[in-house]
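Visitor: sequence below, structure please.
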Amino acid sequence: MSKHTPLPWVIRKGDVEAKKRPGMTIAAIIESSVFGSGHCYSTTEKERRANAQLIVTAVNNHAKLVEALRELVDWAHPDLTHNAKAVLAQLDGELE
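Guide: Got it, this is the predicted structure:
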């Protein structure tokens with residue numbers, strides 16, 4: 001797997017960009033519609049910006065959240081860590 005664009009990411013001028021690489025668009029926040037099963041679904045500008053903010057927040061905090069989960073697994077009682085270990089194994093691409 002190749003490396004992702006350096007963090008942090010920000011929302012700037014309607015696009016998700018790398019903060020350290022101004023003008024480098026990671027994802028464009030564009031109006032879109034999906035047609036299927038006789039329905040048309042589209043998003044509002046407000047919803048698109050909220051989606052972009054969710055993506056940026058999740059990406060920028062991913063490493064910190066994984067590290068906190070690892071610390072919790074190390075500290076917590078083994079009976080309480082099954083789900084956390086499963087998530088970490090999935091993230092690591094290996095089974096424990």
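
Visitor: flag the shaky bits of the protein, pLDDT-wise.
Guide: Applying pLDDT under 70 to the chain picks out residues 1, 36-37, 94-96.

Visitor: quick one, helices of it?
Guide: Along the chain, the segments classed as helices by DSSP state H run 45-75, 82-92.

Visitor: what's the shortest one packed up against?
Guide: So that's helix 82-92. Helix 82-92 sits against helix 45-75, with contacts defined as 3 or more CB pairs under 8 Å, 6 or more residues apart in numbering; DSSP states H and E. Every residue, glycine included, has its C-beta placed from N, CA and C.

Visitor: check which residues of the helix it packs on are buried.
Guide: Of the residues in helix 45-75, R48, A52, I55, V56, V59, L69, V73 count as buried by neighbour count, 16 or more other CB atoms under 10 Å.

Visitor: now do that helix: distance to the chain's middle.
Guide: Mean-position distance between helix 45-75 and its chain equals 6 Å (CA atoms, centre = their mean, to the nearest Å).

Visitor: got the phi/psi numbers for the nearest residue to R12 once chain neighbours are set aside?
Guide: Leaving aside its sequence neighbours, R12 sits nearest to P22 (CB to CB, 6 or more residues apart in numbering; 7.3 Å). The phi/psi pair for P22 (degrees, to the nearest 10) reads phi -50, psi 140.
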